[in-house]
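J.: got a structure for you, letters missing:
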């Protein structure tokens, strides 16, 4: 008898198991603020990854991968004027600063994100957009390891609400809630 675990086939687009596929539900959201998703290589094929789904929904976004041996990260896009970093701590922008033209979002676990800010010097120089912690009772798949922790999709929805308005964020919030609901009803990510 084989000890291999049965893994259900996954959607090649959203990377969720086919029975949980969200592709038909992914909205097209046109934000004023460009979102640069900087994804840790370990997150690339995780079924729990929400950065990929966010990139599919955001018309004004770009997905970059950090940590691949074959392709060094081109940090030029991260150095463009008007770039901020979505991060729970660090130097925040002054209250009278103009809104960012683009926002870098780290798609990684908390420990990976912290190491990315240490290993990519330009990230340490960017003003930070700091979101308040999620409200108690927020629907989640698991408890975060950082008090302000949330999924990448949830964080982007909250940042879009701050930068582009709640009506622009609403489709992303619905998508995040639908993802959690489907996975919770099924009870697994396999």
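T.: In hand now; what should we look at? Just so it is clear, the structure is predicted and the values come from calculations on it, not from any experiment.
J.: residue nearest the centroid of the protein?
T.: residue 152 (2.6 Å; Cα atoms, centre = their mean).
J.: that one contacts residue 37, correct?
T.: Yes: the pair residue 152 / residue 37 is scored as a contact, 7.2 Å apart, by Cβ atoms under 8 Å. Any C-beta I mention is one placed from the backbone N, CA and C, and that applies to glycine too.
J.: joint contacts of the two?
T.: Residues touching both residue 152 and residue 37 (Cβ atoms under 8 Å, 6 or more residues apart in numbering): 51, 54, 105, 107.
J.: how about the strands in the chain?
T.: 34-40, 61-66, 83-86, 102-107, 128-129 (DSSP state E).
J.: tell me the most buried of those?
T.: Mean neighbour count (mean count of other Cβ atoms under 10 Å) peaks for strand 102-107 among the strands of the chain, with a mean of 25.
J.: quick one: mean pLDDT for it?
T.: For strand 102-107, the mean pLDDT works out to 96.
J.: give me the contact list for it.
T.: By Cβ under 8 Å, 6+ apart, the list of residues contacting strand 102-107 reads 33-40, 43, 49-51, 54, 77-78, 80, 82-87, 112-113, 116-117, 123, 126, 129, 152, 155-156, 159, 163.
J.: check which helices and strands the longest helix anywhere in the chain is in contact with.
T.: With secondary structure taken from DSSP state H, the chain has its longest helix at helix 166-186. Packing partners of helix 166-186 (3 or more Cβ pairs under 8 Å, 6 or more residues apart in numbering; DSSP states H and E): helix 51-57, helix 152-164.
J.: ok, back up a step: out of the shared contacts of residue 152 and residue 37, who's nearest residue 176?
T.: The nearest member of the shared contacts of residue 152 and residue 37 to residue 176, counting by Cβ to Cβ, is residue 54 at 8.7 Å.
J.: list the residues that contact that closest one.
T.: Per Cβ under 8 Å, 6+ apart, neighbours of residue 54: 35, 37, 61, 105, 107, 152, 153, 156, 172.
J.: redo these as CSV? Include distance to residue 9.
T.: Formatted as CSV, the contacts of residue 54 follow (distance: Cβ to Cβ, whole Å):
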residue, distance to residue 9
35, 29
37, 25
61, 27
105, 29
107, 23
152, 24
153, 22
156, 27
172, 26
